[in-house]
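Undergrad: here is my input, please return the structure:
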Amino acid sequence: MMNSRIAMFPGSFDPPTLGHMDIIKRSAMLYDKLYVVVADNISKKNLFTATERVEMLSAELVDYPTVEVVKYPGLMVEFASKNDVGVMIRGVRAMGDFTYEFELAMMNRQICPGLEILFMPTDAKYFLIRSSQIKELAAFGADISNMVPERVARLVGEKIGKKN
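TA: Residues are numbered from 1 along each chain as shown. Below you'll find the predicted structure:
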């Protein structure tokens, strides 16, 4: 039996958004331990390395002692099994997210039957925020400060500036 007091919130977090931070902070209040698991998929083209994403998230979550930010290169259900995680939290914004996440949850439950999946709706003020759109907006010089933490906005600007 997996530990229902230990949860994980996996994602690419490229970059971490205010929507991500909202889900993380709300989840941290519900569980004794919360792993924020940064997917380290080398075949995916990311703006930031997995290490940079871990550093950004860790800096934002320094005041949350029950939250541990880690990177993981494998299947998230493997991470859950190895770390006695009983609950995987998935943020959803709209029905499209839910449909995708529901199918993924059913697959994950096949692989790891003891893992519960919790769908957490985003706060309405973060409903339209997507990491991919943030990168695109930043590339065009748009202000993204109301979509990501202040430090992340600065780092995105620096990274995009180097690419252009």
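Undergrad: next helix or strand past whatever helix or strand Leu137 lives in?
TA: For Leu137, the host element (DSSP states H and E) is helix 131-139. Using DSSP H and E, the helix or strand that follows helix 131-139 in sequence is helix 150-163.
Undergrad: angle of that next one against helix 131-139?
TA: 60 degrees (axes from the mean of the first three to the mean of the last three C-alpha atoms, to 10 degrees).
Undergrad: just the mean pLDDT for helix 150-163, thanks.
TA: Here helix 150-163 scores 87 as its mean pLDDT.
Undergrad: what residues does that helix touch?
TA: 15-17, 47-48, 52, 56, 59-60, 134-135, 138-139, 144-145, 147-148 (C-beta atoms under 8 Å, 6 or more residues apart in numbering). C-betas here are computed from N, CA, C, even on glycine.
Undergrad: so what's Pro121 closest to, chain neighbours aside?
TA: Val92 (5.6 Å; C-beta to C-beta, 6 or more residues apart in numbering).
Undergrad: now that neighbour: how far from Ile117?
TA: Relative to Ile117, Val92 is positioned 11 Å away (C-beta to C-beta, to the nearest Å).
Undergrad: remind me which residues of this protein are low pLDDT?
TA: 1, 94-96, 127-128, 162-164 (pLDDT under 70).
Undergrad: residue closest to the middle of the chain?
TA: Gly11 (3.7 Å; C-alpha atoms, centre = their mean).
Undergrad: so that residue touches His20, yeah?
TA: Yes. In this structure, Gly11 is within contact of His20 by C-beta atoms under 8 Å, at 6.7 Å.
Undergrad: got any residues that touch both of the two?
TA: Gly91.
Undergrad: would you mind finding the longest helix in this structure?
TA: If you go by DSSP state H, the chain has its longest helix at helix 95-111.
Undergrad: tell me how many other residues surround Met147.
TA: 23 (other C-beta atoms under 10 Å).
Undergrad: about what we covered before: so which bits of whichever helix or strand comes after the longest helix of the chain are buried?
TA: Downstream of helix 95-111, the first helix or strand assigned by DSSP H and E is strand 116-121. Buried positions in strand 116-121, judged by neighbour count with 16 or more other C-beta atoms under 10 Å: 116-117, 120.
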